[in-house]
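Visitor: Structure of the sequence below:
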Amino acid sequence: MGGSSQILDPAAISPQDPTLLIGSSLTASCSVAADSSLRAEDLYWTLNGRRLPAETYEVRSARTLSVTISSLNGSQQQSGDNLVCHSKDGGILAGSCLYVGLPPEKPTNISCWSKNMKDLTCKWAPGTEGETYLHTNYTLKYKLR
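Guide: Numbering: from 1, shown residues only. Now for the predicted structure:
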């Protein structure tokens, strides 16, 4: 297979795969490719397979349709909730995963030690897990006195 033809996605959703707190709201946009015959009014949205009501939509431009989801509930599965932009014939144009939950509590009983003031070893008790599944990164910062 030669040539440099690219397969472009028929549409793009932004924001892509956001992490959100329970109770927050989200406005997402679906923009169809410029070379597409689709227009904003040809699109609709589903969340976990359920069609979202048209009154939550807003036409942003000829090719962009947004949806606003209020007071989000926690994700029911680790893979997140599926927000999908469809063409009016039901075809899937683009998708995004919403990760909705509460962050875990802060870790406690942090203690660190070092033999040479360069390599640091630390341990801590993790906070209780937040509600549902959120990707969490911990960053430990320290300063030599």
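
Visitor: Strands along this protein, start to end?
Guide: Assigned by DSSP state E, the chain shows strands spanning 11-14, 19-21, 26-32, 43-47, 50-51, 57-61, 64-69, 81-87, 92-101, 108-113, 121-125.

Visitor: The last one relative to strand 108-113, how many degrees between them?
Guide: For the pair strand 121-125 and strand 108-113, the angle between their directions (axes from the mean of the first three to the mean of the last three CA atoms, to 10 degrees) equals 170 degrees.

Visitor: next one: strand 121-125 to chain centre, how far?
Guide: Relative to its chain's centre, strand 121-125 lies at 30 Å (CA atoms, centre = their mean, to the nearest Å).

Visitor: can I see the domain layout of this protein?
Guide: 11-101, 103-145 (automatic domain parsing).

Visitor: And these, which one averages the lowest pLDDT?
Guide: The minimum mean pLDDT among the domains of the chain belongs to domain 103-145 (a mean of 78).

Visitor: that older thread, so which of the strands of the chain is nearest residue 143?
Guide: The closest of the strands of the chain to residue 143 is strand 108-113. By CB to CB, the value is 11.6 Å. The way it works is simple: take the backbone N, C-alpha and C, and place the C-beta from them, glycine included.

Visitor: same for that closest one, what does it pack against?
Guide: strand 121-125 (3 or more CB pairs under 8 Å, 6 or more residues apart in numbering; DSSP states H and E).

Visitor: Pull up the pairing partners for the strand it packs on, direction included.
Guide: Counting by DSSP bridges, the strands paired with strand 121-125 are strand 108-113 (antiparallel).

Visitor: Leaving out the residues flanking it, which one is nearest to residue 113?
Guide: residue 121 (5.8 Å; CB to CB, 6 or more residues apart in numbering).

Visitor: for residue 98, that is, sorry about that
Guide: Excluding its sequence neighbours, the residue lying closest to residue 98 (CB to CB, 6+ apart) is residue 81, at 4.4 Å.

Visitor: Can you report how many residues lie near the one you found?
Guide: 19 (other CB atoms under 10 Å).
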